[in-house]
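*Asks:* This is a predicted model, with the sequence first.
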Amino acid sequence: MTVARAAHALRRRALLAAACALAQHKGLLPAWPALTKGSLMAAPVLYYWAPCSTCSVVVNYANEHGIELDKRDVEQEAPYQELLALGGDANLIPYLHVDDRLIQGNDAIIEYLENK
């Protein structure tokens with residue numbers, strides 16, 4: 001496979017991921033949820049960056065409290081495009097996507113997780 005062909009395939013994949021995320025957000029396409037252990041409920045989706053110390057606060061909180069999160073690293077193209085399609089800004093991570101809401105920031109996310 002040539003470099004140009006590989007680059008074209010990556011662009012197509014990113015566009016498809018963004019289109020699917022937008023369609024899911026608008027309710028036009030059913031979501032393919034991550035399932036929590038022993039449950040049929042979809043796990044909240046955490047958009048984060050793995051090396052980010054700010055993001056690790058939410059990840060550690062969820063781990064300490066046994067909360068299952070579908071973690072999506074925005075360093076990867078597909079989660080990055082999903083976050084943009086939902087109206088998020090990768091410079092302001094972390095975001096939690098749950099119940100068709102996008103919750104931004106550690107304090108707001110932890111408050112939501114405490115009260116759920």
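*Replies:* Arrived safely.
*Asks:* mean confidence for stretch 107-114?
*Replies:* Regarding stretch 107-114, the rounded mean pLDDT is 97.
*Asks:* Just the CA trace of that stretch, in CSV.
*Replies:* What follows is stretch 107-114, C-alpha atoms only, in CSV (Å, rounded to 0.1, in the frame of the first residue of the first chain):
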residue,chain,number,x,y,z
ASP,A,107,-15.3,19.0,39.3
ALA,A,108,-18.5,18.7,37.2
ILE,A,109,-17.7,15.1,36.2
ILE,A,110,-17.0,14.0,39.8
GLU,A,111,-20.1,15.8,41.0
TYR,A,112,-22.2,13.9,38.4
LEU,A,113,-20.5,10.6,39.3
GLU,A,114,-21.2,11.2,43.1
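*Asks:* got the buried residues for it?
*Replies:* When burial is assessed from 16 or more other Cβ atoms under 10 Å, stretch 107-114 yields the following buried residues: 109-110, 113. C-beta coordinates here come from the backbone N, C-alpha and C atoms, glycine included.
*Asks:* gap between the residue lying closest to Leu92 once chain neighbours are set aside and Asn63?
*Replies:* Spatial nearest neighbour of Leu92, chain neighbours left out: Gln104 (5.8 Å); criterion: Cβ to Cβ, 6 or more residues apart in numbering. Using Cβ to Cβ, to the nearest Å, one gets 21 Å for the distance from Gln104 to Asn63.
*Asks:* again, but for Leu92
*Replies:* Taking Cβ to Cβ, one finds Leu92 at 22 Å from Asn63.
*Asks:* now swap in Leu83 and tell me
*Replies:* From Leu83 to Asn63 the distance is 22 Å (Cβ to Cβ).
*Asks:* swap in Gly87?
*Replies:* Using Cβ to Cβ, Gly87 is found at 27 Å from Asn63.
*Asks:* got it, and Gln76?
*Replies:* Going from Gln76 to Asn63 by Cβ to Cβ gives 21 Å.
*Asks:* List the contacts of Leu83.
*Replies:* For Leu83, the contacting residues are 47, 72, 74, 89-90, 93, 95, by Cβ atoms under 8 Å, 6 or more residues apart in numbering.
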